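Undergrad: Please work out how this folds:
(chains A and B)
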Amino acid sequence: MTEVPGIETAGWDNPLRDARDRRLPRIAGPSGLVIFGVTGDLSRKKLMPAVYDLANRGLLPPGFSLVGFARRDWEDQDFAQVVHDSVRAHARTEFREEVWQQLAEGMRFVPGDFDDDQAFKQLRSAVDELDVSRGTSGNYAFYLSVPPKFFPKVVRQLKKHGLADAPEGSWRRAVIEKPFGHDLASARELNAIVHDVFEPDQVFRIDHYLGKETVQNILALRFANQMYEPIWNRSYVDHIQITMAEDIGIGGRAGYYDGIGAARDVIQNHLLQLMALTAMEEPIAFDAESLLTEKLKVLKSVRLPENLGEHTVRAQYAAGWQGGAQVPGYLQEDGIDPESATDTYAALKLEVDNRRWAGIPFYLRTGKRLGRRVTEIAVVFKRAPHSPFDSTATEELGQNAIVIRVQPDEGMTVRFGSKVPGTSMEIRDVSMDFAYGESFTESSPEAYERLILDVLLGDANLFPRHQEVEESWKILDPIEKYWANHGRPAQYASGGWGPGEADEMLARDGRSWRRP
Amino acid sequence: MKIDLTDTTASKINKALVQGRRAIGTPAVGMVLTMVIVTDEENAYDSIKAAEEASHEHPARTLVVIKRHARTPRDRTNSRLDAEVRVGADAGTGETVVLRTYGEVSDHADSVVLPLLLPDAPVVVWWPADAPENPAKDPLGALAQRRITDLYAVDDPLQVLESRVRSYAPGDTDLAWTRLTPWRSMLAAALDQARVEVTSAAVEAEAENPAAELLARWLQARLDVTVDRVVTAGPLVTAVRLSTARGEIVIDRPEGPLATLSLPGQPARTLALKVRTTSELIAEELRRLDADEMYAIALRGEGGTPAHV
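TA: You can find the predicted model right below:
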C-alpha cells in the first residue's frame, strides 16, 4: 500500500476493534487465495464451498479474491460458473445472490501448465492487478491442491516469478495437503524444497482432522476442566485405542493408493496427531509454538514395540459384502497389481516413554472397507481396584471408558457401570452421550472453512509443522521397513472390523478392540 | 408430541415434561440454556418460531409466558394457569412449554417459571414487544443472566433508548444492537484496510431508527469524533461515512442486501449486508451469555477507552 506522508500507519490500532467487543468476528485481513489444481475433486467439493461459506458468514474481507490456476481453456466467467456450480452443490450455508456477487467480482482464472512460464507471468499480473482493483494489499495464500510430485515445480515457478516474495508489510503463504512425503527422506526433501521458497512459519500443512470441532475440543475437555486431567495418566488409564475406519474401498484412487497404503495415508498424519493431542502435556499457552512444543515431546517419546511382528498388523480387504452390497477385494480392484503388498488396514501398538504414560499402550488402527465410517479416540480405564459387590453382581461390568467421537456424530461418550433396576444387585455398563450436533451449533463450520480462515489470519495452531511430520515418519519408517521384508499382508473380510491377526495382537496383551 | 394441561401448576408441568421425554424415547437431552419468552398472544407465534429455529444452534428449554386478559369480571378474579408442553419434533431441538396465565397469577409468573428452569443452565429472557421499563428489576428479568429487548418494537424508540441508558444493568442487550453486527464488522474491516485516523463520521438512516442511533453512538465512543445523523428515506440504515485525511470511507446500502464499500484510492466493491431474520438475531444473542460491555458503551455513547491504551 502506498504511504501517505504525515499519516502514521505502522503499529496502527483500529479504534473500532476492542477485545471486549466479542460480537465482531475474526475477519481475515485484506487477502486473496490462489488455488492450483482448481479443477480437482477437493477443490470443487471442499475448498470452493468453504470459501463461499466463509463469505456467507461475513468472515472474508471486502475485496477478497479467488484465483484459479489449472490446465483448462477457461475465461474468468467459466471459472466463476464452475465455482458457482460447486457452491450450489456442496456449500453448507444457503445460497445468497448478494454474497455470490461479492465473491464473483474477485474471481480470476489463469490457464496453463506448471511448466508454462507464460502462465505464471499471467498469474503474476493477475495478482498485481487484484492488489490495485480489489485492495488485496499483496497478501496471498497459495493453495497447492495438486499431487505432491508437482510441488517442487509449482514452488519453483512461484519463486522464479517473484510470487513468493511478499512486498514489505504483506505476506505470502503456502498451503499444502498430505501426503507430506512417503518416508522421512522424502519428507525432508519436500520440506527443503518448500522452505527454500517460503519461510517455515508461512507454510501451512492441512490435516483436515485438526480443523474438526471435536478434535479442538480434546484440548478444551482436557485442559479447561478439572475432572478429567487427574485421571488422564498411567495410574488410571489401562490403554488407549485410536480408530479411523472407512467403509469405502480405494475407489478411483488406485494410482495414488497402491504403494502408499493405509499406514502412510492415515496413521502417519491423522492418527499420530490425534495421539499427540490425547497424550500431550498441558501447553503453556494456546498458541502454535506452545502446541508444537508439547506435540513434539510426545512424538519424540514414542517407543516402538520390540517385536514388530507381534505388535503390528497390516492387511488387505478381501472380496465380500459391505453394508448390503457385494464388493471386490483390494487385489481385484481396477488398476491394482494382483501381487500388490500394499496395506489397506494397519494396526500398531505404540508406547509413550514419559512419566505420565510409561507402560500404557496406545493402539492405533485404520482400515478401508470396514463395518462403518467412524473415527474415535477411546480412553479405556483400569478396573476399580476393589469391588464391594460380589462377582456375580459385576459380571457384566466392563472397563470405564471415555470415547471422543471425532466423526460422524461428533461428541463424547462416557461408559460406566450402573445398577440394573430391580430388587437384586446387578451392575452393568451404560453409556452417557454428549452430542455436538445437539448441544452446540448444528451449523458449526466445516473443517476446511476453519482452516482456510486460519491460513488467511496466519493462525497456525491447527496445522502440523514440518518437525512433527518428520518425527511421525521416524515412528512409521521402521515399521514400513519391517513389513517390506517380512511376509505379506493378511486378508480380511470386507464389511467387518479387520483381520483376526489384529484381534490376536490385542489378545496377546489380554485386551480386545472396542466395536466402534 | 404435545400435552395440554388446564388449570395446572409448575410441578404438574415438570411431570409432563419428563413424561413427554420418556414417551419419545430420549430421556436425556443436552440442552444448554433456558429461554423465557414473555409476550402477548399476538406476538407468540412468531417468537416461538424464531426461538425454535435458534434452538438448532442452541438447544434450549423454551418457556413462553403469555398473559391473557379475561373477558368477564368473574374470570378476572379467577386465577388460572394453562400449559401446553411440546417435546420432540414439535419443539425444535429442545422442549417448549407455552404458559397462559389468567387473573392474579399473571403478576406472579416468576413463581411458575422458577421451578421450570433447567438446573444450573443459564437463563435468557426475551421480550419480543412490551419490555418492562427496567428489565433487570422485572421479576422475570431478575431470574436471567441475559435480558433481550427490542427497540424496533416500541412506539417511540429514541425515548425508550434514553430510558434503557438509565436502567442499564450488565446482561441487558437489544436486538437493535444485534442487527448492527454485520455493519460494525464491515466498518472495522474497512478501517483495518484503510489504516487511517477518522476525523468525522455520519450515519444515514430512516428517521427514528434506533439501530442507527446506536451505531452513531458506538462510532462516537470508539472514534472520539462527532457523528452526524442524516435522515434519509431508508429503509433502515442506508449508509455510513467516515471522513479521513485521505478521503472518505463509505459503506452505502441504498436498498436490498447489496452494499457498496468505497475506500480512498481504491475502486468500489460490493458487499453483502443482508437484513437478518429474528431467529438469526436470537441465535447470535445466545452465542455469548455474559454482559455485553460494548453495548453498554454504545448505549452511553461515551467512555469507550481503547483496549490497547
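
Undergrad: Just the C-alpha atoms of the one helix or strand residue A:176 maps to, please, in PDB.
TA: Counting by DSSP states H and E, the secondary-structure element that holds residue A:176 is strand A:172-177. Output of strand A:172-177 as PDB, limited to C-alpha atoms (Å, rounded to 0.1, in the frame of the first residue of the first chain):
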ATOM      1  CA  ARG A 172       2.700 -14.900   1.100                       C
ATOM      2  CA  ARG A 173       1.800 -18.300   2.400                       C
ATOM      3  CA  ALA A 174       1.800 -21.800   1.000                       C
ATOM      4  CA  VAL A 175      -0.800 -24.300   1.900                       C
ATOM      5  CA  ILE A 176      -0.100 -27.900   1.200                       C
ATOM      6  CA  GLU A 177      -2.100 -31.100   1.500                       C
END
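
Undergrad: Could you give the average pLDDT over that strand?
TA: On average, the pLDDT along strand A:172-177 is 92.

Undergrad: again, but for stretch A:206-219
TA: So the average pLDDT for stretch A:206-219 ends up being 86.

Undergrad: And chain B, is that stretch touching that?
TA: No: remark: stretch A:206-219 sits outside contact range of chain B, by Cβ under 8 Å from any Cβ of the partner chain, the gap being at least 13.1 Å. In short, each C-beta sits where N, CA and C put it, glycine included.

Undergrad: what distance separates the start and the end of that stretch?
TA: The first and final residues of stretch A:206-219 sit 19 Å from each other (Cα to Cα, to the nearest Å).

Undergrad: again with stretch A:392-411
TA: Using Cα to Cα, the gap from the first to the last residue of stretch A:392-411 comes to 33 Å.

Undergrad: Give the buried residues for that stretch.
TA: When neighbours are counted by 16 or more other Cβ atoms under 10 Å in any protein chain shown, the buried residues of stretch A:392-411 are found to be A:393-394, A:397, A:399-407, A:410-411.

Undergrad: With stretch A:256-269 instead?
TA: For stretch A:256-269, burial by neighbour count (16+ other Cβ under 10 Å) applies to A:257-258, A:260-269.

Undergrad: so what does the strand holding residue A:176 touch, helix or strand wise?
TA: Counting contacts by 3 or more Cβ pairs under 8 Å, 6 or more residues apart in numbering or on different chains; DSSP states H and E, the secondary-structure elements packed against strand A:172-177 are strand A:140-144, helix A:151-160, helix A:184-197, strand A:203-206.

Undergrad: Now flag whichever of the buried residues of stretch A:392-411 is closest to chain B.
TA: Compare each of those with chain B using Cβ to the nearest Cβ and the shortest gap goes to residue A:411, at 8.6 Å.

Undergrad: For the residue nearest to that closest one when sequence neighbours are not counted, grab the count of nearby residues.
TA: With Cβ to Cβ, 6 or more residues apart in numbering or on different chains as the measure, residue A:435 is the residue that lies nearest to residue A:411, at 4.1 Å, once sequence neighbours are left out. The number of residues packed near residue A:435 is 16, by other Cβ atoms under 10 Å in any protein chain shown.

Undergrad: doesn't residue A:410 make contact with residue A:435?
TA: Yes: Residue A:435 is within contact range of residue A:410, at 7.4 Å (criterion: Cβ atoms under 8 Å).

Undergrad: Kindly state the domain boundaries assigned to the chain.
TA: By default, I'm working from chain A. Annotated domains of chain A cover A:32-177, A:210-507 [automatic domain parsing].

Undergrad: Can you look at chain B instead?
TA: Taking automatic domain parsing as the domain assignment, the ranges for chain B are B:2-149, B:181-272.

Undergrad: Please convert those to a markdown table, extending it with mean neighbour count.
TA: Supplementary listing: these in a markdown table, determined by neighbours: other Cβ atoms under 10 Å in any protein chain shown:
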| stretch | mean neighbour count |
| --- | --- |
| domain B:2-149 | 18 |
| domain B:181-272 | 19 |
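
Undergrad: Columns distance to chain A and mean pLDDT on top of those, output as JSON lines?
TA: What follows is the domains of chain B, written out as JSON lines (distance: least, Cβ to the nearest Cβ, whole Å; pLDDT from 0 to 100):
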{"stretch": "domain B:2-149", "distance to chain A": "4", "mean pLDDT": "86"}
{"stretch": "domain B:181-272", "distance to chain A": "4", "mean pLDDT": "89"}
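
Undergrad: Now render these as TSV, adding distance to residue B:175.
TA: What follows is those, written out as TSV (distance: least, Cβ to Cβ, whole Å):
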stretch	distance to residue B:175
domain B:2-149	7
domain B:181-272	9
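
Undergrad: Quick one, which of the ones you listed gets closest to residue A:282.
TA: Proximity to residue A:282 (Cβ to Cβ) singles out domain B:2-149 among these, at 26.1 Å.

Undergrad: show me the contacts for residue 287.
TA: Because you didn't say which chain, this covers chain A. Listed by Cβ atoms under 8 Å, 6 or more residues apart in numbering or on different chains, the contact set of residue A:287 reads residue A:461.

Undergrad: nope, chain B
TA: Contacts here follow Cβ under 8 Å, 6+ apart; on that basis residue B:287 touches B:57-58.

Undergrad: what phi and what psi does the backbone show at it?
TA: phi -70, psi -40 (degrees, to the nearest 10).

Undergrad: where do the strands sit along chain B?
TA: Applying DSSP state E to chain B gives strands spanning B:2-5, B:33-39, B:60-67, B:80-87, B:95-102, B:123-126, B:146-149, B:172-174, B:198-205, B:227-231, B:237-244, B:247-252, B:258-262, B:269-272.

Undergrad: May I have the strands that pair with the third one, each with its orientation?
TA: So that's strand B:60-67. strand B:33-39 (parallel), strand B:95-102 (parallel) (DSSP bridges).

Undergrad: what would these look like in JSON lines with distance to residue B:13?
TA: Below are the strands paired with strand B:60-67 laid out as JSON lines (distance: least, Cβ to Cβ, whole Å):
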{"stretch": "strand B:33-39", "distance to residue B:13": "13"}
{"stretch": "strand B:95-102", "distance to residue B:13": "6"}
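
Undergrad: Nearest to residue B:201, out of those strands?
TA: Using Cβ to Cβ as the measure, strand B:33-39 is the one of those that comes nearest residue B:201, at 36.0 Å.

Undergrad: That concludes my questions; thank you for your assistance.
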